[in-house]
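*Asks:* Build me a structure from this.
(chains A and B)
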Amino acid sequence: MRLHGFQRLIPYLFLLPGLLLFLTWMVYPLLRALQISVYDWKLLPGQVSQFVGLANYREVFTDPIFWSTLRNTLMYTVVTVTGQMALGLVAALLVHQAVRGRIFFRTLYYFPVITSWVIVSLLFKYLFDSSRSGLINYLLVAVLHLLPREIGWLSDARAAWAPIMSLGVWKGVGWSMMIFLAALQMVPLELYEVASIDGAGGWRKLWNVTLPMIRPTLIFVLVMLVIGGFQAFISIYLITAGGPMQRTEVLLSHMYNQGFKYLKFGYGAALSYVLAAIIATISFLQIKFLRRGVEV
Amino acid sequence: MVEKITARRLPRRLVLYAILVLGASLMAGPFLYMISTAFKGQVYVFEFPPQFIPTHPTIENFVKAWTSNNFAVYFVNSLVVAVATMTVMIVLTSMMAYAFARFEFAGKNFFFYTMLAMMMMPAMMLIFPQFILARNLNLLNKLPGLVVVYAAGGMAFNTFLLRGFFEGLPRELEEAVLIDGGGYFTIFTHIILPLSTPALATVGIFSFLGSWDEFIWALTVINEAKKRTLPIAIANFQGQHASDWGLVFAASLIAVIPVLIIYVSLQRYFVQGLTAGAVKG
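*Replies:* Sure, this is the predicted structure:
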């Protein structure tokens, strides 16, 4: 709308309260984190913070724990994103075809997404209890006879990834299903009719019609899930606390501990910028290479 | 002809529903087991073989969870924070979205893209400066300290969601208000907001649940026992009563009930909010 004189202030008045809150708690902290990252930041009042240039960043890259947490984060992301994409797509295709009960299944599959991370993390910790009466051990050993004896899920570094990763997939699969479902509903039915006339069967239709048509959504979900994978924290914090021997530590738990356990805010802030740079780079590359030939 | 098709499709249908039911039991199984455990006495929690339906069900855990450890206080804290976050979010983001949807002004693109960019940042990277800011503003151990961060954190996403909705509203009514001598504030409160209840509900639900479930920021800034919210209290519960899973899950279920009620009764707003912006034809 065209505004004159004092009226030009009107949009700013609508914007002002929200923008103030946003600038104070989001934009200012973002810039402040950059400042903190070049200081040996002292949290306690009265102590002087020393400017140290890029020393914190150098420390990040020479810290063996950073590299092992980066490796763990990448592994967690690859496994959980693959699981969520594949199972989410399968669930969406099936639910889409289920005329009866579609809403029921959709509602049920999505429920873990909105449950608090704290509750489901504790739940998985209990399900993967190391004793023989832990539900997963019980099912694997006594019911299905897949294992000769129970596994100490939380005391073995490799086994500990099982509860963490299966939780990541289980909790997230409903989200990708929901987005895929919405995309499937937008695919024009005529395309399937044309494909049928050409003699295409179910798999051909999936490969040649459905997947190409929902490709922008596939890319969107992939990018969002990868960003989410890098932000894994609560499940690890509550299930293994990074243990045993920091072997299940991820970038965010490492960052949080450096800051709030050892009060190394400067190092933590530097790590946060490194993390943001990694996420931005990966997202950019995914969009650049996958988007070819499609309007997203 | 019709019968033939149904006969051919019947096995296919059966397989389809068999897989869907298998999936449903994988999704619901852990929750059902949690409910079952919440009704077990302490001695039965690690019984072998594990009982799916408790042989000696008891509501002792629920009574203990609710009456001990200030649990009622935590519940009220969570509720206060979630309602405040929801209110602040709806008021502020609808105002911003109105400005973005209906006006041209200097700096519009700058503000718009700044917010868009912030949406891609991992929220936790701001935790150190946010903590320092909260301390300097004397907001540590205070519930408003939670509200401001929750509201600011969800602001960008909700503003975009509402802006998209407002842009789709017809403008004729608004012009009529102006001709009748009404102002832009009247348009906002009397036309835009009443026409946008579904979108506002979506924003409200997502901000309520986001706040209700939030853990990391609350863990960081709340030390005082009486100011805890439910997620912190439940995590602490598990720390204190390491093997008393019945108690932990009774507490968890109390926390899940409001979520479940909102979720089941307000279903359609979830789908709307999720797919807004995510799917373009």
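
*Asks:* count of residues packed around residue 22?
*Replies:* By default, I'm working from chain A. Residues lying near A:F22 (other Cβ atoms under 10 Å in any protein chain shown) number 25. In this view, the C-beta of every residue, glycine as well, is placed from N, C-alpha and C.

*Asks:* wrong one, I was asking about chain B
*Replies:* 10.

*Asks:* So which bits of the helix or strand it falls within are buried?
*Replies:* Using DSSP states H and E, B:L22 falls within helix B:2-38. Within helix B:2-38, the residues that count as buried by 16 or more other Cβ atoms under 10 Å in any protein chain shown are B:16-17, B:20, B:23-24, B:27, B:30-31, B:33-34, B:36-38.

*Asks:* what do you get for stretch B:210-223?
*Replies:* Buried residues in stretch B:210-223 (16+ other Cβ under 10 Å): B:210-222.

*Asks:* Can I get that stretch in CSV? Just the C-alpha atoms.
*Replies:* Extracted in CSV, the C-alpha atoms of stretch B:210-223 (Å, rounded to 0.1, in the frame of the first residue of the first chain):
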residue,chain,number,x,y,z
GLY,B,210,8.0,-26.1,21.4
SER,B,211,8.1,-24.4,24.8
TRP,B,212,6.5,-27.4,26.6
ASP,B,213,9.2,-29.8,25.4
GLU,B,214,12.2,-27.5,25.4
PHE,B,215,15.2,-28.9,27.4
ILE,B,216,18.6,-27.4,26.7
TRP,B,217,18.0,-23.7,27.4
ALA,B,218,16.0,-24.4,30.5
LEU,B,219,18.7,-26.8,31.7
THR,B,220,21.3,-24.1,31.2
VAL,B,221,19.6,-21.1,32.9
ILE,B,222,17.4,-22.7,35.6
ASN,B,223,19.2,-23.9,38.7
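
*Asks:* Contacts for that stretch next, please.
*Replies:* Contacting residues not belonging to stretch B:210-223 are listed as A:114-118, A:233-234, A:256, A:260, B:78, B:81-82, B:85-86, B:124, B:127, B:130-131, B:134, B:139-141, B:145-147, B:149-150, B:153-154, B:228-232, B:235, B:255, B:258-259 [Cβ atoms under 8 Å, 6 or more residues apart in numbering or on different chains].

*Asks:* Which of those residues are buried, as a PyMOL select command?
*Replies:* Buried residues among the contacts of stretch B:210-223 (16+ other Cβ under 10 Å), as a PyMOL selection:
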select buried, (chain A and resi 114+115+116+117+118+233+234+256+260) or (chain B and resi 78+81+82+85+86+124+127+130+131+134+139+140+145+146+147+149+150+153+154+228+229+230+231+232+235+255+258+259)
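
*Asks:* So for B:L116, what's the nearest residue that isn't a sequence neighbour?
*Replies:* Leaving aside its sequence neighbours, B:L116 sits nearest to B:A156 (Cβ to Cβ, 6 or more residues apart in numbering or on different chains; 6.9 Å).

*Asks:* Report the rounded mean pLDDT for the helix or strand containing that neighbour.
*Replies:* Using DSSP H and E, B:A156 sits within helix B:143-167. Over the span of helix B:143-167, the pLDDT mean works out to 95.

*Asks:* Give me the next element, helix or strand, following that helix.
*Replies:* Note on helix B:143-167: by DSSP H and E, the next helix or strand toward the C-terminus is helix B:172-179.

*Asks:* is chain B contacted by stretch A:93-106?
*Replies:* Yes - residues of stretch A:93-106 contacting chain B under Cβ under 8 Å from any Cβ of the partner chain: A:94-95, A:97-98, A:101, A:103, A:105.

*Asks:* which residues of the stretch 151-296 of chain A score low on pLDDT?
*Replies:* For the stretch 151-296 of chain A, the stretches flagged by pLDDT under 70 are A:292-296.

*Asks:* And the helices in chain B?
*Replies:* B:2-38, B:60-67, B:71-102, B:108-120, B:127-136, B:143-167, B:172-179, B:184-187, B:193-195, B:197-213, B:216-221, B:230-240, B:245-265, B:267-275 (DSSP state H).

*Asks:* same thing with the stretch 101-250 of chain A?
*Replies:* A:102-114, A:117-127, A:135-138, A:161-186, A:189-197, A:202-205, A:211-213, A:215-230, A:234-239 (DSSP state H, counting those that start in this stretch).

*Asks:* Can you tell me which helices and strands the helix holding B:L22 packs against?
*Replies:* Applying 3 or more Cβ pairs under 8 Å, 6 or more residues apart in numbering or on different chains; DSSP states H and E, one finds that helix B:2-38 contacts helix A:64-97, helix A:102-114, helix A:117-127, helix A:161-186, helix B:245-265.

*Asks:* just those: most buried one?
*Replies:* Comparing those by mean neighbour count (mean count of other Cβ atoms under 10 Å in any protein chain shown), helix A:117-127 ranks first with a mean of 24.

*Asks:* same question for that one, mean pLDDT?
*Replies:* Mean predicted confidence for helix A:117-127 is 96.

*Asks:* wait, does that helix contact chain B?
*Replies:* Yes - contact between helix A:117-127 and chain B, assessed by Cβ under 8 Å from any Cβ, occurs at A:117-120, A:122-127.

*Asks:* helices or strands up against that helix?
*Replies:* helix A:135-138, helix A:161-186, helix A:234-239, helix B:2-38, helix B:230-240, helix B:245-265.

*Asks:* Quick one: closest of those helices to B:K64.
*Replies:* helix B:245-265 (5.9 Å; Cβ to Cβ).

*Asks:* Report the angle between the closest one and helix B:71-102.
*Replies:* Put simply, helix B:245-265 runs at 30 degrees to helix B:71-102, going by axes from the mean of the first three to the mean of the last three Cα atoms, to 10 degrees.

*Asks:* Just name whatever secondary elements helix B:245-265 is in contact with.
*Replies:* Against helix B:245-265 (3+ Cβ pairs under 8 Å, 6+ apart) you get helix A:102-114, helix A:117-127, helix B:2-38, helix B:60-67, helix B:71-102, helix B:197-213, helix B:230-240.

*Asks:* Mind putting those into TSV with distance to A:G152?
*Replies:* Formatted as TSV, these follow (distance: least, Cβ to Cβ, whole Å):
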stretch	distance to A:G152
helix A:102-114	26
helix A:117-127	13
helix B:2-38	20
helix B:60-67	27
helix B:71-102	32
helix B:197-213	30
helix B:230-240	19
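
*Asks:* For B:G246, find the nearest of those helices.
*Replies:* That would be helix B:60-67 among the helices and strands packed on helix B:245-265, by Cβ to Cβ, at 4.3 Å.

*Asks:* relative to helix B:230-240, how tilted is that closest one?
*Replies:* Between helix B:60-67 and helix B:230-240, the angle comes out at 120 degrees (the same axes, to 10 degrees).

*Asks:* Mind giving me the packing neighbours of helix B:60-67?
*Replies:* Short answer (3+ Cβ pairs under 8 Å, 6+ apart): helix B:60-67 packs on helix B:245-265.

*Asks:* Thanks a lot, see you next time.
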